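Provided below are the primary sequence and the corresponding predicted coordinates.
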Amino acid sequence: MKSIVAIATLVAWNLTTGVSVVAQPAAPQKIATEVNSEGHLSSSILLWMRTDKPRQAGMDRWKGPHAKIIAATKGLEEYRQLHLAENNPGLWPAINGVETTIPTERKIDGVADVTVKSIFSPREGKKQTRLAYKDEINLFKRTILYAALGGSSRWYDLAQPKANSDAGSIVFLRMKDGVNEADFKAFINDELAPTLANMHVLRELRSKAYLPWQVKQWNTPNVLHDNPKEVQFQGSLMLGFASNNEMDAFFKSDGVRKLADRLAVFCSAVHAYELTEAITFVENGKIIR
């Protein structure tokens, strides 16, 4: 009953000004979609390059020797690197009460997008993980891992699943104070991602509602893992486009504009990073690069 009442849109009429005020329901809505999706066990490892070395040198080492270490890990279903633009103020249009400008002091350089075959896979990959631990200090200043279980890590089967995305954005979402975790996950899984799928303009759509962050999930030596509550993320979206022009048009579209009120209900920050490169090293359990 609580959700039914909350889902109903409340319309108040200000008799003084004569202006209608539409209050957004505080509970997530379930949006129907014909676009299929499947669940995966995945993680996003947010990466900051060392600042005492040239940024590009770190990015090159990441997609070179470091990638070979990770790609050789047993139990991987997919491993890809998302390289983010150095100048990345944020692609999402301004929303009242929501941080859409990416703070420079916390700007991320890249994301390791890792999908495993099963919950037992991390045990299989211990040897390579130890090598990765040792190598991190050579290129990273800070690493932060967020994990998402199958029901909250969804890959959408869009019209052109095999088409390459030549442009992309990864969007990190921070839960607003006062919103409970279950509602936030339902907002991503049942409302936001299906709404985006129904736009039929994306070449790739993946959504993740993360488990609560814990440093022990990826507590590698000699690099930072500082992640105060006020800067943590609870979800992300991976959006792929045919071109930069299509991506620009998407973020300026009415479809995105109409999401603003709902995002403001559930999110305190929406950071949309522009990708410069998305490199896949392991696909369907096989090393391809």
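Structure received.

So in the chain, where's the weakest helix or strand by average pLDDT?
Ranking every helix and strand in the chain by mean pLDDT, DSSP states H and E puts strand 10-14 at the bottom, with a mean of 37.

Export whichever helix in the chain runs longest to PDB, keeping only CA atoms.
Taking residue count as the measure and DSSP state H as the definition, the longest helix of the chain comes out as helix 126-136. Extracted as PDB, the C-alpha positions of helix 126-136 are listed here (Å, rounded to 0.1, in the frame of the first residue of the first chain):
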ATOM      1  CA  LYS A 126      44.600 -15.200  -6.700                       C
ATOM      2  CA  LYS A 127      48.000 -15.600  -8.300                       C
ATOM      3  CA  GLN A 128      47.400 -12.900 -10.900                       C
ATOM      4  CA  THR A 129      45.700 -10.700  -8.400                       C
ATOM      5  CA  ARG A 130      48.900 -10.800  -6.200                       C
ATOM      6  CA  LEU A 131      50.900  -9.600  -9.300                       C
ATOM      7  CA  ALA A 132      48.400  -6.800  -9.900                       C
ATOM      8  CA  TYR A 133      48.700  -5.700  -6.300                       C
ATOM      9  CA  LYS A 134      52.500  -5.300  -6.700                       C
ATOM     10  CA  ASP A 135      52.200  -3.400 -10.000                       C
ATOM     11  CA  GLU A 136      49.600  -0.900  -8.800                       C
END
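
After that helix, which helix or strand is next?
Heading C-terminal from helix 126-136, the first helix or strand you meet, by DSSP states H and E, is strand 140-148.

Name the next helix or strand downstream of that following strand, please.
If you walk from strand 140-148 toward the C-terminus, the next helix or strand you reach (DSSP H and E) is strand 153-156.

which residues sit against the next helix or strand after that following strand?
Later in the chain than strand 153-156, the nearest helix or strand by DSSP H and E is strand 167-175. When contacts are taken as CB atoms under 8 Å, 6 or more residues apart in numbering, the neighbours of strand 167-175 outside the stretch itself are 82, 84, 91-92, 99, 111, 181, 184, 188, 204, 231-244, 246-247, 251, 266-275, 278. Any C-beta I mention is one placed from the backbone N, CA and C, and that applies to glycine too.

Could you pull up the mean pLDDT of the top strand by length along the chain?
With secondary structure taken from DSSP state E, the chain has its longest strand at strand 267-283. Throughout strand 267-283, pLDDT has a mean value of 97.

Need the CA coordinates for it. CSV is fine.
This file holds the C-alpha atoms of strand 267-283, laid out as CSV (Å, rounded to 0.1, in the frame of the first residue of the first chain):
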residue,chain,number,x,y,z
CYS,A,267,20.6,11.3,-6.4
SER,A,268,22.8,14.0,-4.9
ALA,A,269,25.4,13.7,-7.7
VAL,A,270,25.4,12.6,-11.3
HIS,A,271,28.9,12.6,-12.8
ALA,A,272,28.9,11.7,-16.5
TYR,A,273,32.5,11.1,-17.7
GLU,A,274,33.4,11.2,-21.4
LEU,A,275,35.4,8.2,-22.6
THR,A,276,38.4,8.5,-24.9
GLU,A,277,38.9,4.7,-25.3
ALA,A,278,37.2,1.5,-24.3
ILE,A,279,39.5,-1.5,-24.7
THR,A,280,38.4,-5.1,-24.2
PHE,A,281,41.1,-7.6,-23.3
VAL,A,282,38.9,-10.6,-22.2
GLU,A,283,35.6,-11.4,-23.9
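
which secondary structure elements does it contact?
Taking 3 or more CB pairs under 8 Å, 6 or more residues apart in numbering; DSSP states H and E as the contact definition, the neighbouring helices and strands of strand 267-283 are helix 67-71, strand 76-84, strand 167-175.

So for the helix or strand following the last one, what gets flagged as buried?
I take that to be strand 167-175. Toward the C-terminal end, the helix or strand that comes next after strand 167-175 (DSSP H and E) is helix 181-186. Within helix 181-186, the residues that count as buried by 16 or more other CB atoms under 10 Å are Asp183, Phe184, Lys185, Ala186.

Go ahead and name everything in contact with stretch 186-193.
The set of residues external to stretch 186-193 that reach it, using CB under 8 Å, 6+ apart, is 28-31, 37, 151-152, 154, 156, 173, 205, 207-209, 235, 237, 259, 262-263, 265-266.
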